[in-house]
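*Asks:* Model the structure of this input:
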Amino acid sequence: MARRIVVLGGTGFVGRAFLSRCAADNVAWHFRVPTRRAARGSALRTMPNLELLEADVHDPHVLARLVVDADVVVNLIAILHGTPAAFERVHVELPRRLGAACHAAGAGRVIHVSALGVGPGAASDYLRSKAEGELALQAARVPLTILRPSVIFGAEDRFLNLFARLQRVLPLLALPCATAKFQPVWVRDVAAALQRCVADPQTIGRTYEIAGPQVYTLAELVRLAGQRSGHARPVIGLPAPLGAAQAWLLERLPGEPLMSRDNLRSMARPNVAGGALPGLTELGLPATPIQQAWAEDDAGGALDAELRRWRSQHRAR
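*Replies:* Next up is the predicted model:
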């Protein structure tokens with residue numbers, strides 16, 4: 001019987017990469033993907049063995065029904081900006097309810113995507129709530145695997161692409177936390193790590209730091225993004241008080257902020273692998289350098305080619 005995999009956040013950036021990889025590899029799994037708006041997952045409808053459901057995963061009764069008979073539940077749901085209450089709801093309450101639902105239903109396993117730098121002593125609401133979410137799932141006593149990725153990049157990311165877009169329209173970038181450290185990881189490497197964890201029950205009980213092969217400062221990443229866009233601009237590091245003032249102003253603009261003060265507090269802690277926990281190497285996976293990943297994204301990549309080939313065959317039947 002095919003494994004039954006529930007993917008929370010499956011229509012997002014990482015979720016689409018994970019499901020696309022599984023489709024390209026023709027894995028014999030059945031996927032259940034809940035989403036608040038079914039239109040967001042329209043690209044997934046052609047994938048094999050995938051059931052797209054319109055559902056509110058924050059409703060405990062709905063969540064309980066979703067995980068019934070699941071062999072593995074993958075939780076990818078997260079937010080980067082929000083109030084303390086919003087971080088609590090998404091990063092703490094949802095994992096707590098998920099753990100309770102999986103325990104009650106006897107769901108086989110949970111694979112939870114957290115973040116590098118989590119910890120109870122973290123200064124930011126983002127990292128602190130991520131740490132509390134991990135603890136909530138551990139307290140539920142369900143078979144658990146945790147992935148802690150660094151910042152994730154790829155063709156559709158909202159990190160490097162943001163800085164690339166800004167450099168197309170601004171003469172220079174005034175950057176807070178310019179020396180903050182990151183170890184960016186390609187979204188396809190994260191997808192491969194998820195697939196490996198789903199396939200291998202020996203990953204139960206382990207926490208993996210999912211990071212790329214090289215550490216960069218934020219300023220270096222911004223310069224790389226500008227070079228990739230063909231509009232490299234001067235990057236000026238802001239002193240901490242000016243950076244905080246800039247973030248305060250950006251928080252008050254309509255829509256999702258480009259930067260918040262909580263983001264600055266997160267960047268105070270290096271977003272790099274500590275080395276004490278296993279990573280991509282222990283999962284038998286290489287870490288792809290940024291330049292190689294961009295080259296593969298630009299070329300379409302073997303994964304996308306395989307997925308397009310599968311869709312063509314599927315439509316022809």
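*Asks:* Below-threshold pLDDT in the stretch 51-200 of the chain: ranges please.
*Replies:* When the per-residue scores of the stretch 51-200 of the chain are filtered using pLDDT under 70, no range remains.
*Asks:* That one: strands as residue ranges?
*Replies:* Residue ranges of the strands in the stretch 51-200 of the chain, as given by DSSP state E, counting those that start in this stretch, are 72-75, 109-113, 144-149, 152-153, 173-175, 181-182, 185-186.
*Asks:* Pairing partners for the longest one, with directions?
*Replies:* Here the strand partners of strand 144-149, with direction, are listed using DSSP bridges: strand 109-113 (parallel), strand 207-210 (parallel).
*Asks:* Of all these, which one is nearest Leu277?
*Replies:* Closest to Leu277 of those is strand 207-210 (C-beta to C-beta; 4.8 Å). All C-beta spots, glycine's among them, are computed from the backbone N, C-alpha and C.
*Asks:* Next secondary structure after that closest one?
*Replies:* Sequence-wise, the next helix or strand beyond strand 207-210 is strand 216-217, with elements assigned using DSSP states H and E.
*Asks:* what helices or strands is that following strand leaning on?
*Replies:* In terms of contact count using 3 or more C-beta pairs under 8 Å, 6 or more residues apart in numbering; DSSP states H and E, strand 216-217 is assigned the packing partners strand 181-182.
*Asks:* what's the strand it packs on in contact with?
*Replies:* Contacts with strand 181-182, where a contact means C-beta atoms under 8 Å, 6 or more residues apart in numbering, come from Ser150, Val151, Val215, Tyr216, Thr217, Leu218, Leu221, Pro270, Asn271, Val272.
*Asks:* Filter the residues you listed down to the buried ones, ChimeraX style.
*Replies:* Applied in ChimeraX, the following selects the buried portion of those according to 16 or more other C-beta atoms under 10 Å:
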select :150,151,215,216,217,218,221,271,272
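*Asks:* could you dump the contacts of strand 181-182 to CSV with distance to Gly9?
*Replies:* What follows is the contacts of strand 181-182, written out as CSV (distance: C-beta to C-beta, whole Å):
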residue, distance to Gly9
Ser150, 18
Val151, 17
Val215, 27
Tyr216, 26
Thr217, 29
Leu218, 25
Leu221, 24
Pro270, 26
Asn271, 20
Val272, 24
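*Asks:* and which of the contacts of strand 181-182 is nearest Ile236?
*Replies:* Set against Ile236, the nearest of the contacts of strand 181-182 by C-beta to C-beta is Leu218 (12.3 Å).
*Asks:* how about that closest one, what does it touch?
*Replies:* Leu175, Cys177, Ala178, Thr179, Ala180, Lys181, Phe182, Met267.
*Asks:* Run through the residues that contact the first one.
*Replies:* Taking C-beta under 8 Å, 6+ apart as the criterion, Leu175 is in contact with Leu218, Ala219, Val222, Val235, Ile236, Gly237, Leu238, Gly243.
*Asks:* On the three-state scheme, the second one is what?
*Replies:* When the structure is split into helix, strand and coil by DSSP: H, G, I helix; E, B strand; the rest coil, Ala219 lands in helix.
*Asks:* The closest residue to Ala140 other than its chain neighbours and Val110: what is the separation?
*Replies:* Nearest residue to Ala140, sequence neighbours excluded (C-beta to C-beta, 6 or more residues apart in numbering): Gly99, at 2.6 Å. Taking C-beta to C-beta, to the nearest Å as the criterion, Gly99 is separated from Val110 by 7 Å.
*Asks:* likewise Gly154?
*Replies:* From Gly154 over to Val110 (counting by C-beta to C-beta), the distance is 24 Å.
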